[in-house]
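J.: Everything below, folded, please.
(one chain, ligands or ions: 1)
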Amino acid sequence: MSEQSPSVLDQLSASGHKKVVFCNDSDSGLKAIIAIHDTTLGPALGGTRMYNYASEAEALEDVLRLSKRMTYKSAITGLNLGGGKGVIIGDSRKDKSEALMRSYGRFIKNLNGEYITAEELGTTARDMEYIRMETQYVTGVPESLGGAGDPAPFSAQGVYYGIKASLKEVYGSDMLAGKTVVVQGIGKVGEHLVSLLRKENAVVLISDINKDLTMHVASKYKAKPIDADKIFGIEADVYAPCALGATINDKTIDKMKFAVIAGSANNQLADDEKHGRALLEKGVVFAPDYLINAGGLISCYSELTGLGKKRTIQLTEHIYDATREVLRMSKKENIPTLEAANRIAEQRIASIKKIKSSY
Ligand SMILES: NC(=O)c1ccc[n+]([C@@H]2O[C@H](COP(=O)([O-])OP(=O)(O)OC[C@H]3O[C@@H](n4cnc5c(N)ncnc54)[C@H](O)[C@@H]3O)[C@@H](O)[C@H]2O)c1
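T.: This next block holds a predicted model:
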């Protein structure tokens, strides 16, 4: 390691991580890192991403960042879960096998429940089935195996509540009828969101790089297709990014004519501090992504704790109140909404830590 790069333990100290496990199995070719950020509220839950990282340092940086975000996400959503994440280094189309996934499952097993995994970028429900063959500490398995199934409908529902809470902040009413919403990306989450918005007679504009899907969703829900390069010139009440991260950046902020940004995509701000502050100054209400896209996490939590669908829906509805609280704090303290969300999450963790210290 060069003199400039901090040691792994220094990196953990700086980010407040509890534990990082490096996994290596030469028989199956497994190379993975599991990061456990914080377990004050409960076991560390977070998906496993499989990605062809350019270096181990890049994989470590990603897993540290993602696991910390999971701590905040669970905390602000009111769940009794900590934050963790796993990354498998490799090409998910070429390097995956039953043995590799089961080997990874055995590393999770050896953590005795301190870390619970789920599906993420590059991993599938089938992979979770393989992990399940080795350990019970996995969630998001198919309904046919007793799991809660696809979390996307719950993620969409949470985004819908986030949009409504933001409209309430801006217009004093959360009615969607007649409001214009631009949904960017109409995949698993986006399409469910379009359906919920159209049920309340919102005017919905959709954009997706998949043209056939766009035409299909447009005619199914009576939504209007728009070109990707037109999005940031449109005047609309809400922009719902449901495709990629970092769409709010130096290039797009100036052009935006939206009152609210609320969508499912992770890490929507290219630079959390800089762009969070820029949106605040521009008067655009930004519903923090990690809060309003937590419906999928809530679905996993329900699966783990044996809660039924009804309770999952109730917990997802709570995203409305949680968003309102964040927006109120942001306004009162004149701080970006992401910072307000982080503070609320940190306050919950600190207060529960105190309770747990009492014998
Ligand atoms: N699925 C969940 O439960 C869940 C939970 C939390 C967060 N998220 C996040 O929400 C986002 C969407 O998730 P998903 O499960 O619907 O993914 P998905 O892959 O099913 O859908 C993404 C859609 O975005 C489209 N797309 C890609 N690039 C685009 C671009 N430049 N412009 C317009 N459209 C583009 C794709 O064609 C696809 O239809 C992702 O960022 C994901 O990380 C998803």
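J.: which bits of this protein sit near the ligand?
T.: Residues of the chain lying close to the ligand by Cβ under 6 Å from any ligand atom are 151-152, 155, 184-190, 207-210, 213, 228, 242-244, 264-266, 293, 296. C-betas here are computed from N, CA, C, even on glycine.
J.: mind running it again at 8 Å?
T.: Within the chain, the positions adjacent to the ligand are 121, 150-152, 154-156, 184-191, 207-210, 213, 228, 241-245, 247, 263-266, 289, 293-297, 299 by Cβ under 8 Å from any ligand atom.
J.: what distance separates stretch 228-242 from the centre of its chain?
T.: In terms of Cα atoms, centre = their mean, to the nearest Å, the centre of stretch 228-242 is set 21 Å apart from its chain centre.
J.: Check which residues of that stretch are buried.
T.: For stretch 228-242, burial by neighbour count (16 or more other Cβ atoms under 10 Å) applies to I231, F232, I234, A236, D237, V238, Y239, A240, P241, C242.
J.: The residue nearest to G140 when sequence neighbours are not counted: what's it in contact with?
T.: Distances taken as Cβ to Cβ, 6 or more residues apart in numbering place A118 nearest to G140, at 4.0 Å, with adjacent residues excluded. By Cβ atoms under 8 Å, 6 or more residues apart in numbering, A118 lies in contact with L45, G46, G47, T48, M128, V138, T139, G140, C300.
J.: Quick one: neighbours of the fourth one, just the number.
T.: Meaning T48. Per other Cβ atoms under 10 Å, the neighbour tally for T48 reads 28.
J.: Can you pull the phi/psi pair for it?
T.: The phi/psi pair for T48 (degrees, to the nearest 10) reads phi -110, psi 120.
J.: same question, S330
T.: Main-chain dihedrals, S330, degrees, to the nearest 10: phi -60, psi -40.
J.: How confident is the prediction for it, by pLDDT?
T.: Looking at S330, its pLDDT reads 98.
J.: try S2
T.: So S2 comes in at 49 (pLDDT).
J.: Also the one 5 residues further on?
T.: According to the model's per-residue confidence, S7 sits at a pLDDT of 82.
J.: before we move on, what about the one 4 residues further on?
T.: The predicted local confidence for Q11 comes out at a pLDDT of 83.
J.: how about it, what does it touch?
T.: For Q11, the contacting residues are H17, L60, L64, by Cβ under 8 Å, 6+ apart.
J.: Just give the closest residue to the first one, not the sequence neighbours.
T.: What that stands for is H17. According to Cβ to Cβ, 6+ apart, the nearest residue to H17 is H37 (5.2 Å).
J.: how far away is that neighbour from the ligand?
T.: To the ligand, H37 is 18 Å away according to Cβ to the nearest ligand atom, to the nearest Å.
J.: Three-state assignment for that residue, please.
T.: The three-state label given to H37 by DSSP: H, G, I helix; E, B strand; the rest coil is strand.
J.: got the contact list for it?
T.: H37 touches 15-18, 44, 64, 67-68, 70-71, 82-85, counting by Cβ under 8 Å, 6+ apart.
J.: Swap in 10 Å and give it another go.
T.: Under the criterion of Cβ atoms under 10 Å, 6 or more residues apart in numbering, the neighbours of H37 are 12, 15-20, 44, 46, 63-72, 82-85.
J.: Can you tell me which of those residues are classed as buried?
T.: 12, 17-20, 44, 46, 63-64, 66-72, 82-85.
J.: So which of those residues belong to helices?
T.: L12, V63, L64, L66, S67, K68, R69, M70, T71, Y72 (DSSP state H).
J.: Could I get the contacting residues of the fifth one?
T.: If you count contacts by Cβ under 10 Å, 6+ apart, S67 has them with 15, 17-20, 33-38, 44-46, 82-87, 115.
J.: got it, and D229?
T.: D229 makes contact with S207 under the criterion Cβ under 10 Å, 6+ apart.
J.: What backbone torsions are found at it?
T.: Phi and psi for D229, reported as degrees, to the nearest 10, are phi -80, psi 0.
J.: which residues in the stretch 251-359 of the chain form helices?
T.: Assigned by DSSP state H, counting those that start in this stretch, the stretch 251-359 of the chain shows helices spanning 272-282, 289-292, 295-305, 309-333, 337-356.
J.: Could you tell me the least trusted of those helices?
T.: helix 295-305 has the lowest average pLDDT among those, namely a mean of 93.
J.: Next, the buried residues of that one.
T.: By 16+ other Cβ under 10 Å, the buried positions in helix 295-305 come out as G295, G296, L297, I298, S299, C300, Y301, S302, E303, L304.
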